[in-house]
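Peer 1: missing the sequence, but the structure's below:
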Ligand SMILES: NC(=O)C1=CN([C@@H]2O[C@H](COP(=O)(O)OP(=O)(O)OC[C@H]3O[C@@H](n4cnc5c(N)ncnc54)[C@H](OP(=O)(O)O)[C@@H]3O)[C@@H](O)[C@H]2O)C=CC1
Ligand SMILES: C[C@H](O)[C@@H]1OC(=O)[C@H](O)[C@@H]1O
């Protein structure tokens, strides 16, 4: 028996990295899964192939979460295909590293639109559908350790992750009466496409790994279990919570 048997799970940014690992684990746990993605068709289709190989229904829907209409169309099309939505994992995000004093307005505004506005409208669209269904639901947002600590080249990014963390707290209050739980995971540094270039700098990579008490940077699959837990009925009395998944990096002052 799986943690998500018979559930319909929607995941944004499911083609690579954390979203992909969550999508495949959700299928392994018995769910049908719809993923959203931006442009990487091959990766999205191979994720769907893995979901189907696990005996579950899967589909990939292309769309920019930074565009306001994408949330409604993703949820509507996914629910049309899967019949319902029980869980949303709001995960899609970007982190174009850049220094603060000369931050291009387009980079700041695009990061806000994708990471924060995208999450807001996606959560709202899925929540409206869950309310119509009348059987509750679960929303898990992928925030970050960066909701709690800063980064010299992330001044445009860390506020979006603090915003997503805060969104889950307020949405937990707004949606509790409908039986919809809202929680976030706060990953530390996880090796994915988002930081492939940044961590190609071996000195930086070693420095980041050295502050992790568990002794290594994270893998996307390290997030799958915590996301499944929060999505599932095992977490039925958990809402408004934020779970650090960082190998202990946050608490490692000295
Ligand atoms: N990796 C890390 O160290 C950490 C990551 N996070 C967060 O995890 C989340 C996932 O990132 P991660 O797995 O690391 O990175 P990846 O780059 O591997 O994955 C990003 C995913 O988001 C999708 N995406 C990007 N922009 C858009 C958009 N505008 N509309 C729709 N989909 C989009 C990508 O689609 P496509 O492949 O088609 O471009 C891809 O599926 C992000 O929110 C990130 O902030 C949080 C803390 C740490
Ligand atoms: C992209 C970064 O490497 C990554 O994303 C975050 O949220 C953290 O700041 C990680 O270091």
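Peer 2: The structure has been received and is ready for your questions. Predicted model, so just to flag it, every value in this text is computed and none were measured. Ligands and ions are numbered 1, 2, ... in the order given.

Peer 1: CA only for contacts and neighbour counts going forward, please
Peer 2: Will do.

Peer 1: Can you report how many residues lie near residue 236?
Peer 2: Residues lying near residue 236 (other CA atoms under 10 Å) number 15.

Peer 1: Tell me how far it lies from residue 181.
Peer 2: Counting by CA to CA, to the nearest Å, the gap from residue 236 to residue 181 is 8 Å.

Peer 1: can you list the residues of this structure near ligand 1?
Peer 2: Neighbours of ligand 1 within the chain, by CA under 6 Å from any ligand atom: 13-19, 37-40, 63-66, 91-94, 114, 142-144, 187-194.

Peer 1: now the helices: where do they sit in the stretch 51-200 of the chain?
Peer 2: For the stretch 51-200 of the chain, the helices defined by DSSP state H, counting those that start in this stretch cover 69-82, 105-111, 118-133, 158-175.

Peer 1: a markdown table for these, including mean pLDDT?
Peer 2: Output for those, formatted as a markdown table (pLDDT from 0 to 100):
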| stretch | mean pLDDT |
| --- | --- |
| helix 69-82 | 98 |
| helix 105-111 | 98 |
| helix 118-133 | 98 |
| helix 158-175 | 99 |
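
Peer 1: I'd say residue 243 and residue 168 touch.
Peer 2: No - counting by CA atoms under 8 Å, residue 243 stays clear of residue 168, with 11.8 Å between them.

Peer 1: And those two? Which one has more around it.
Peer 2: The residue with more neighbours, out of residue 243 and residue 168, is residue 168; 27 against 17, by other CA under 10 Å.

Peer 1: Does that one touch residue 185 like I think?
Peer 2: No - taking contacts as CA under 8 Å, residue 168 lies outside contact range of residue 185: 10.1 Å.

Peer 1: Would you mind listing the residues touching both of these two?
Peer 2: The contact sets of residue 168 and residue 185 overlap at residue 141 (CA atoms under 8 Å, 6 or more residues apart in numbering).

Peer 1: buried set for stretch 40-60?
Peer 2: Buried residues in stretch 40-60, counted by 16 or more other CA atoms under 10 Å: 43-45, 47-52, 54, 56-60.

Peer 1: Just grab the bridge partners of residue 243 for me.
Peer 2: Counting by DSSP bridges, residue 243 is bridged to residue 185.

Peer 1: how near is residue 245 to residue 95?
Peer 2: Going from residue 245 to residue 95 by CA to CA gives 18 Å.

Peer 1: and these two? which has more neighbours close in?
Peer 2: For residue 245 versus residue 95, neighbours defined as other CA under 10 Å are more numerous around residue 245 (21 against 17).

Peer 1: Quick one, grab the pLDDT at the nearest residue to the more buried one once chain neighbours are set aside.
Peer 2: In this structure, residue 245 finds its nearest non-sequential neighbour in residue 187, 4.6 Å apart by CA to CA, 6 or more residues apart in numbering. We note a pLDDT of 98 for residue 187 in this prediction.

Peer 1: Also residue 181?
Peer 2: Looking at residue 181, its pLDDT stands at 99.

Peer 1: Might you report the residue contacts of it?
Peer 2: Counting by CA under 8 Å, 6+ apart, residue 181 has contacts 136, 137, 138, 139, 172, 175, 236, 238, 239, 240.

Peer 1: Dig out what it forms beta bridges with.
Peer 2: Beta-bridge pairing for residue 181 (DSSP bridges): residue 138.
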